[in-house]
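Engineer: Provided below are the primary sequence and the corresponding predicted coordinates.
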Amino acid sequence: MQEIFNIFIKSIFIDNMVFAYFLGMCSYLAVSKTVSTSFGLGIAVVFVLGITVPVDYLLNEFVLQPGALVWLDEGFKDVDLSFLSFILFIAIIASMVQLVEMVVEKFSPALYASLGIFLPLIAVNCAILGGSLFMQQREYQSLAQATSFGLGSGVGFFLAIVGIAAIREKIRYSNIPPALRGLGITFIITGLMGIAFMSFLGIKL
């Protein structure tokens, strides 16, 4: 149980998708103009990562790894389908994003309209695919660990995008040099937030 909690905390603060690996920067920069929109996208990313990472873990364990198909028959012990990882991971991500898109459109049309093209683009968000690939690379030992990592990565992205959105709303009325307005100052703040998150490297888990 402690290991699962450690993975969750580490994926939020130490291995943050945005500030540690700079993944998902396109939607992070484009959608973070208002807190309400960022909140909606952040929740959607938490949901998608929380579902796709454990599903991809099961797919990797029972289908893709060398010898994973041995549960079907001993004759499959030499079969290696790991070369299909990218295709199958993306297929699962796309199906989950489609589900999220339908739910958001039905229950929150205003949020669906404000997110626009960036909601279906979650399917090609490198942070989402990165979650599944990191899970595969780190060889988590159980479904609970993979789920903890997926949820933690989603929460980390949520904190990053809502945090930058809150700051961007505040600095809208600040006296910023014209050359730095917009994305310029956003990149600078993102770098400073990344440095701030590096302070969590000292946490002993």
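Structural biologist: Arrived safely. Residues are numbered from 1 along each chain as shown.
Engineer: next one: stretch 44-59 to chain centre, how far?
Structural biologist: 9 Å (Cα atoms, centre = their mean, to the nearest Å).
Engineer: which parts of that stretch are buried?
Structural biologist: 44-57, 59 (16 or more other Cβ atoms under 10 Å). For glycine as for every other residue, the C-beta is placed from the backbone atoms N, C-alpha and C.
Engineer: Next one, pLDDT for residue 40 please.
Structural biologist: Listed pLDDT for residue 40 reads 86.
Engineer: So it is in contact with residue 115, correct?
Structural biologist: Yes. With contact taken as Cβ atoms under 8 Å, residue 40 and residue 115 are classed as touching, separated by 6.2 Å.
Engineer: quick one: which of the two has more around it?
Structural biologist: Taking neighbours as other Cβ atoms under 10 Å, residue 40 and residue 115 compare with residue 115 leading, 23 against 20.
Engineer: Tell me which helix or strand that one sits in.
Structural biologist: helix 109-115 (DSSP states H and E).
Engineer: remind me which residues of the protein are low pLDDT?
Structural biologist: Residue ranges of the chain with pLDDT under 70: 204-205.
Engineer: go again using 50 as the cut-off
Structural biologist: Applying pLDDT under 50 to the chain flags no residue at all.
Engineer: Quick check: what element follows the longest helix along it along the chain?
Structural biologist: Under DSSP state H, the helix in the chain containing the largest number of residues is helix 143-171. Sequence-wise, the next helix or strand downstream of helix 143-171 (DSSP H and E) is helix 183-198.
Engineer: what helix or strand is the residue lying closest to residue 51 once chain neighbours are set aside on?
Structural biologist: Sequence neighbours aside, residue 96 is the residue nearest to residue 51 in space, at 5.2 Å (criterion: Cβ to Cβ, 6 or more residues apart in numbering). Counting by DSSP H and E, the element that carries residue 96 is helix 85-107.
Engineer: In that helix, which of the residues would be classed as buried?
Structural biologist: For helix 85-107, the neighbour count (16+ other Cβ under 10 Å) marks 85, 88, 89, 90, 92, 93, 94, 96, 97, 100, 101, 104 as buried.
Engineer: from the middle of its chain, how far away would it be?
Structural biologist: Distance of helix 85-107 from the chain centroid (Cα atoms, centre = their mean) equals 13 Å.
Engineer: Please apply the same query to stretch 122-134.
Structural biologist: Stretch 122-134 sits 6 Å away from the centroid of its parent chain (Cα atoms, centre = their mean).
Engineer: could you dump that stretch to CSV, C-alpha only?
Structural biologist: Taking C-alpha atoms only, stretch 122-134 is exported to CSV below (Å, rounded to 0.1, in the frame of the first residue of the first chain):
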residue,chain,number,x,y,z
ILE,A,122,-6.4,14.7,-26.0
ALA,A,123,-6.1,11.6,-28.1
VAL,A,124,-2.8,12.8,-29.6
ASN,A,125,-1.7,14.5,-26.4
CYS,A,126,1.9,13.3,-25.8
ALA,A,127,1.3,13.3,-22.0
ILE,A,128,-1.4,10.7,-22.4
LEU,A,129,0.7,8.4,-24.6
GLY,A,130,3.7,9.1,-22.4
GLY,A,131,1.8,7.8,-19.4
SER,A,132,1.3,4.4,-21.0
LEU,A,133,4.9,4.3,-22.3
PHE,A,134,6.4,5.2,-18.9
